[in-house]
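Trainee: Sequence and predicted structure, then a few things I'm wondering about:
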Amino acid sequence: MTIINFPPPPRVDLEDLRAEVRDFLATELADRRPRDRARTWSGFDADFSRKMGERGWIGMTWPKAYGGHERSALERYVVLEEMLAAGAPVAAHWIADRQSGPLLLKVGTEEQRQAILPRIAAGECFFCIGMSEPDSGSDLAAVRTRATPVEGGFRVNGTKLWTTYGHKSHYMILFCRTGGQDERHGGTSQFLVDLNTPGVTVRPIADLSGEHHFNEVVFEDAFLPSSALIGTLGEGWKQVMGELAFERSGPERFLSSFALLVEAVRVLGKDPSDAAQAAIGRLTGHIVTLRRLSRSVAGMLEKGEDPALQASLVKDQGAILEQELPDVIRGLIDVEASQNTENELSATLAHLVLHAPSFSLRGGTREILRGIIARGLGLR
Amino acid sequence: MKWHGLDGGQFQVSETDHILFDTTARLFQSVVTPEILESAGRGVWPQAVWQGVEELGLPLALVPEEQGGFGVDPLEALGVVRIAAQFALPLPLAETMLANRILGAAGLTLPEGALTVAPTQRDDALSLRRDGNGWHLGGTARRVPWGRDAAAVVVVATDAEGAFWVALVPSGAFAVALGDNLAGEPRDDLSFDVRLPAEAVAPAPDGFDAEGVRLAGAALRAIQMAGAMGRLLDMTVDYANERVQFGRPIGKFQAVQQSLAVLAGLAAVSSGAADLAAEALAESLDPLRIAVAKARTAEAATTAAAIAHQVHGAIGFTHEHSLHTVTRRLWSWRDEFGGEALWNRRIGQAVALGGADALWPMIAAA
């Protein structure tokens, strides 16, 4: 029997931590409107990130020597899910905490770790991801941005795309070519790029809702010192692959539409129709189940395992739920979505409708993810 | 460890620490043959297979040691229920385990043989009335699993004051009208009009009123469906790797791969849901977790069966091929002890009553 294992998450009592986070959020987000909560981990707020850093909720699992707090993955999970469920604006530190910091911990130099990690943990250092390019999205191995060795370092030329909050980040982890173009997986490397570097230009790209969080980042003869290399020259691909399980399985992969569910429950009141009860109950049950799987993956990550297949399954099923939620709500309540209205349900629905297409594109496009799953099943 | 499946496909088994799982899987593998499934589907009781189940002590696996069990961890016992469903075991193993758990908790004697529970239907109610030293049991319970074959039925009934009692009713003490589900598993209507001695009746234990029995039944079906979907994934991947068309295994086509990835996702969510159900059943029959588990697995089963049939093509639609022994069970089990509509409404009702701000805390506590 091919059993894809999802062991039970560790049973630990984390209710004190949970209560602490809820109290914090009740104060910090007291006046936050549902439509703004709907942004969740796309909401950028440097002040909020700094406050989280002060509370010890960034870099939670990192060694104290680097400003971390040596707490468990499940404790971190509690903080994350409470933040996302409440729609807290965690975007500023999100990438740094989730993957940039862990990368430096894993393969960075001591100098890089000392210089960067404490600042991330303090909620004062923000990162963006330099992977996608105009001609290289799902096909990451086809990147063309190149770092050519020069005296003292590297000269970088190329363009990165879909760089979320690149315009407000301090650093980028750049994934680019350092070897032959014909070596698909070999010959790539990762670099720590200070976005103030001369020759690096960040240009805004608006998404279809009119919001600016995407960017194009152009490198024109930008010089990076040798000390900017992360890990091993030519091992970029392997290093990136190690990041992905972290990126794919967290609560952000099924809670993106949660604010709309909350608002719909509010509008439907205490005694909705049988059909509404069933629809709301169904969506709730989907979230409960996905949370179970996601926490199981957190437990596996905590043990140092690499549950890539499990993480991909959670992400795939999570995106389905996130995208259908707005449609289900529209089927229950007669409401016209609008970004310009006093009506919170209408505005929250508008936000989700406009952003839902991205849920199955970002962090691993659906069709590619399913191909990865198929390979994991032994079909390729 | 590799086994050969009923269709000649090979099963890859992950090494488990669980001797119980390995032993039961080996047993089911060898005794649940296509012939046994065929005859069971026609109503023939597979006594030799039941004997094997009894020899392993499985009927008592959900009974705590202090009540007469063997000290098996309930979660492991429910893992056996899942494995039994993977092999489409055509027996009331889950029902017998549940019946013995109820009897043990009630302090009643644990009988030999296969057992079942009643009533299973929401609208059925059995009544107990004092009759001298004993009781009179009356009423009809419809669609009781293996009612015709069980050595005894464990029933939940109410007395004149509405209090719940459990009773052990031996075979022969009730009338049986034969019925079945879509998989040909016996689902019989039992009519009671019988006097029971005092020692066969006890107050219903905590959690096991009529609703408790339905919650337990729903949890068992959720666990069984997860097992069946694991089997479905295995069969369908094997078929896709073996069936050659247009010069290659059909599993090489992206369209087929995408479907199988979805099937794997459904098996995964069902596995998680089944774990929630097992924990609830082992603890306090938490209605929220069981409702979620039953609804989610039932919904997943629908799509999973559809994908499996689509990939298997025409051959999977025949009686001779064993695919239907799994899919007809999924189509049956998803309806038993309440379908998605019912359980989703329950969850939704609880959500509505709690209000918008209580929704997340409810989810986080599940």
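Mentor: Great, that's in hand. Numbers count the residues shown, from 1 in each chain, chains lettered A, B, ... in the order given.
Trainee: Can you pull the poorly scored residue ranges out of the stretch 201-350 of chain A?
Mentor: A:245-247 (pLDDT under 70).
Trainee: try it again with 50
Mentor: Within the stretch 201-350 of chain A, not a single segment meets pLDDT under 50.
Trainee: In it, what residue spans correspond to helices?
Mentor: A:236-248, A:258-268, A:274-302, A:308-332, A:344-355 (DSSP state H, counting those that start in this stretch).
Trainee: my read is A:Asn157 is in a strand, agree?
Mentor: Yes. Under DSSP: H, G, I helix; E, B strand; the rest coil, A:Asn157 sits within a strand.
Trainee: quick revisit: save the helices of the stretch 201-350 of chain A as JSON lines, and put in distance to chain B and mean neighbour count too.
Mentor: All C-beta atoms are positioned from the backbone trio N, CA, C, and that covers glycine. What follows is the helices of the stretch 201-350 of chain A, written out as JSON lines (distance: least, CB to the nearest CB, whole Å; neighbours: other CB atoms under 10 Å in any protein chain shown):
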{"stretch": "helix A:236-248", "distance to chain B": "13", "mean neighbour count": "19"}
{"stretch": "helix A:258-268", "distance to chain B": "4", "mean neighbour count": "24"}
{"stretch": "helix A:274-302", "distance to chain B": "3", "mean neighbour count": "24"}
{"stretch": "helix A:308-332", "distance to chain B": "5", "mean neighbour count": "22"}
{"stretch": "helix A:344-355", "distance to chain B": "11", "mean neighbour count": "22"}
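Trainee: Which of those sits closest to A:Asp16?
Mentor: When these are compared by CB to CB, helix A:274-302 sits nearest A:Asp16, at 17.8 Å.
Trainee: okay, the angle between that closest one and helix A:308-332?
Mentor: When axes from the mean of the first three to the mean of the last three CA atoms, to 10 degrees is applied, the directions of helix A:274-302 and helix A:308-332 differ by 160 degrees.
Trainee: Run the chain-centre distance for helix A:274-302.
Mentor: With CA atoms, centre = their mean, to the nearest Å as the basis, helix A:274-302 stands 19 Å off its chain's centre.
Trainee: What angle do helix A:236-248 and it make with each other?
Mentor: 140 degrees.
Trainee: the inter-axis angle of helix A:274-302 versus helix A:258-268?
Mentor: Using the same axes, to 10 degrees: helix A:274-302 against helix A:258-268 is 150 degrees.
Trainee: Check which helices and strands helix A:274-302 sits against.
Mentor: helix A:73-86, helix A:236-248, helix A:258-268, helix A:308-332, helix B:254-282, helix B:287-312, helix B:340-354, helix B:356-365 (3 or more CB pairs under 8 Å, 6 or more residues apart in numbering or on different chains; DSSP states H and E).
Trainee: Going by neighbour count, list what's buried in the lengthiest strand in chain A.
Mentor: As assigned by DSSP state E, the longest strand anywhere in chain A is strand A:212-225. By 16 or more other CB atoms under 10 Å in any protein chain shown, the buried positions in strand A:212-225 come out as A:213-219, A:222-224.
Trainee: can you list contacts of that strand?
Mentor: Residues outside strand A:212-225 that contact it (CB atoms under 8 Å, 6 or more residues apart in numbering or on different chains) are A:42, A:44, A:91, A:128, A:130, A:145, A:147, A:150, A:152-167, A:172, A:191, A:193, A:195, A:197-207.
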